[in-house]
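J.: Provided below for reference: sequence and predicted model.
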Amino acid sequence: MAPKTRFAGKTNKEGAPEKKKKNESAAEKKKAAAEKKKAAASSREKKRDAAKKKTETAEKKRKQDSGSQQRNMAVEPMRPVGFFFKPSDYWTACKLSSRCHQHDFLETIKDFKESEKSWFENHPQFKHLFHMDCCEKRKVQGLWMLLLRCMHTGKERQAWFGVNGVPIRYSIREHALLSGLYCGSYPENYPIKGKMKFATKHFKHLQKKTKEKNRKKQGLRVTEADVLEKLEKMEADDGSDERLKMAVLYFLTRVIRGRKRNAYFIEPFILQAETTGR
């Protein structure tokens, strides 16, 4: 009987114990890891080059589009999106009226002293109104032709017109440039700026009296007709500027704040404006 040995597993031909084969040798593993790392680096480099090329292509296209747009803007104006009126409405008659009663005011002060009229003729904001031809009726056909070309926009404080395919903006800035009026923002304290001393002095009798103690006294309820009536009764006698102040108030209500009817109550802001606008 053969003696037992400590090699109980499989043996080779020579009788030596057979070792377990490894899937890969250490060198092969190292080589595979290096190749994998190299492939990952190559992949990252390709992605980086592709992204760079994409960015360069997009930038080149943007420059081409920008240059093409500038050339088109120089040659062909931007087309309007749409108009409020259709071509079929161009034959429709429309009645337009102006509320700037320049003629009425000039007729009222035509007999005033030259020193009083010079205040309006030399005023930096209002003088251009008095250098214009004074006519009772103004032709507004040009305004109607412009209104027919009013465009659709989402801006409430701007009006856009399309004339020959060119958009034209008319906002408060354009109004200031064309009219010569100061169209800046109101001062923060404009409701309390100025005093009602002048208006109270001449129109106190129009203030409605209240019998109830706890009820607040109503303000002055002055109309444009009241101002005109008072102005026509005033005379330049003692050298004071009371008549000029009343003329300024009438100018603000009749020309600047002009309305269709003269029976409306003048806002307190205008009643006290004559003390700050001189």
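T.: Here it is on my side, so go on.
J.: which residues touch the residue nearest the centre of the chain?
T.: Centroid check for the chain by CA atoms, centre = their mean gives residue 157 as the closest residue, at 5.4 Å. Residue 157 makes contact with 171-172 under the criterion CB atoms under 8 Å, 6 or more residues apart in numbering. C-beta: built from backbone N, CA, C; applies to glycine.
J.: how about the strands in the stretch 51-200 of the chain?
T.: Taking DSSP state E, counting those that start in this stretch, the strands of the stretch 51-200 of the chain run over residues 159-163, 166-170.
J.: can you tell which of the ones you listed is closest to residue 44?
T.: Evaluated over the strands of the stretch 51-200 of the chain, closeness to residue 44 peaks at strand 166-170, with 49.8 Å, by CB to CB.
J.: helices or strands up against that closest one?
T.: For strand 166-170, the packing partners by 3 or more CB pairs under 8 Å, 6 or more residues apart in numbering; DSSP states H and E come out as strand 159-163.
J.: So, low pLDDT: which residues of this protein?
T.: Scanning the chain for pLDDT under 70 picks out 1-24, 61-81, 97-99, 137-141, 190-193, 208-219, 237-239, 260-263, 274-278.
J.: about what we covered before: quick one, phi/psi of the residue nearest to the centre of the chain?
T.: Backbone dihedrals for residue 157, given as degrees, to the nearest 10, come out at phi -100, psi 10.
J.: do the same with residue 48
T.: According to degrees, to the nearest 10, residue 48 has phi -60, psi -40.
J.: what's the burial count for it?
T.: The number of residues packed near residue 48 is 10, by other CB atoms under 10 Å.
J.: how close does it get to residue 58?
T.: Using CB to CB, to the nearest Å, residue 48 is found at 16 Å from residue 58.
J.: For residue 223, give the beta-bridge partners.
T.: residue 265 (DSSP bridges).
J.: That one is in contact with residue 259, isn't it?
T.: No. Look at residue 223 against residue 259 with CB atoms under 8 Å: they stay out of range, at 10.4 Å.
J.: In terms of neighbours, single out the busier of the two.
T.: When residue 223 and residue 259 are compared for neighbours, residue 223 comes out ahead with 17 against 13, by other CB under 10 Å.
J.: That one and residue 255, how far apart?
T.: Distance, residue 223 to residue 255, by CB to CB: 16 Å.
J.: just residue 272 next, same as before
T.: Distance from residue 272 to residue 255, by CB to CB: 18 Å.
J.: Tell me which of those two has more neighbours.
T.: Applying other CB under 10 Å to residue 272 and residue 255 shows that residue 272 carries more neighbours, namely 23 against 19.
J.: residues near the nearest residue to that one once chain neighbours are set aside, how many?
T.: Spatial nearest neighbour of residue 272, chain neighbours left out: residue 194 (3.6 Å); criterion: CB to CB, 6 or more residues apart in numbering. Residue 194 is flanked by 20 other residues according to other CB under 10 Å.
J.: looking at it, residue 194 is touching residue 273, isn't it?
T.: Yes. Between residue 194 and residue 273 there is a contact at 6.1 Å, judged by CB under 8 Å.
J.: ranges for the helices of this protein?
T.: Secondary structure of the chain (DSSP state H): helices located at 26-75, 102-108, 114-121, 127-131, 141-147, 172-179, 197-203, 224-233, 242-251, 268-271.
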